[in-house]
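**Student:** The sequence and its predicted three-dimensional model are supplied below.
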Amino acid sequence: MLNFDDIHNAYYDKVVRYLRPIVGDDHAEDYSQEVFIKIHRSLDSLKDETKLSPWIYRIALNTARDGLRSMKAGVAAVSIEGKERDGGTPHMIETVADPRYKSYDDVLAKQEMAQCYVDFVKKLPPNYFEIYVLSEFEKLTDAEIAERLSISLNTVKIRLHRARTRLFEELRKNCNCYSDKSGDLMCEPKE
């Protein structure tokens, strides 16, 4: 039987971090509280406990969408980068039309699909995660990674291959993935 207090303790901070790039730092806590009110009210409706995590994040995303719809009359542009280059916290750009998207629903959909991919990257074992991020996100060469981590070039190549293999197996099993017009990998969870 699921215990609300345990769920709240385990997921509250994660939901706040998930919502920050969508609704901004100023609103993430408020929306998170609303998410957990909804979870509390409908916890009995969750039939399969193994789907708890996706269920929580779906509630969080829908809460953010509903909140943005009611807050904004214009088109919201959300930072899909996640973090500032200077290491700052994720943020929501002020209300500005982004010509690449038709509506803020499109922006949120793109954010959700990118987040699906990133969620699976985060699940990689630490030694694979570190090398994968340095290669794919920081665009370091294998030699640069080996130097930075003080490990052999062969170790980098092996771990990177294993990280990619594991990641893409998980993505194929759990997501529908494709490259968008800008070449970014987009993933939608399979229902």
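**Tutor:** Looks like it came in fine. Numbers count the residues shown, from 1 in each chain.

**Student:** Pull out the buried residues from whatever helix or strand Ile158 lives in.
**Tutor:** Secondary structure from DSSP states H and E places Ile158 in helix 153-174. Residues of helix 153-174 classed as buried by neighbour count (16 or more other CB atoms under 10 Å): 156, 159-160, 162-164, 166-167, 171. For glycine as for every other residue, the C-beta is placed from the backbone atoms N, C-alpha and C.

**Student:** same check, this time on stretch 39-52
**Tutor:** Neighbour-count burial for stretch 39-52, counted by 16+ other CB under 10 Å, picks out 39, 52.

**Student:** would you put the C-alpha positions of that stretch in CSV?
**Tutor:** The C-alpha coordinates for stretch 39-52 follow below in CSV (Å, rounded to 0.1, in the frame of the first residue of the first chain):
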residue,chain,number,x,y,z
ILE,A,39,-1.5,13.2,-5.6
HIS,A,40,-3.0,13.0,-2.1
ARG,A,41,-6.6,13.3,-3.5
SER,A,42,-6.1,10.6,-6.2
LEU,A,43,-3.5,8.2,-4.7
ASP,A,44,-6.2,5.5,-4.3
SER,A,45,-6.8,5.6,-8.1
LEU,A,46,-3.3,4.4,-8.9
LYS,A,47,-3.7,0.7,-9.6
ASP,A,48,-0.1,-0.2,-10.5
GLU,A,49,2.5,0.9,-7.9
THR,A,50,5.3,0.4,-10.4
LYS,A,51,4.0,3.3,-12.4
LEU,A,52,4.2,5.7,-9.5
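
**Student:** How far does it sit from its chain's centre?
**Tutor:** Here stretch 39-52 is found 21 Å from its chain centre; the criterion is CA atoms, centre = their mean, to the nearest Å.

**Student:** Check the model's average confidence along it for me.
**Tutor:** Across stretch 39-52, pLDDT averages out at 87.

**Student:** For the remainder of this discussion, apply numbering that starts at 637.
**Tutor:** Will do, 637 is the new start, and the previous item becomes stretch 675-688.
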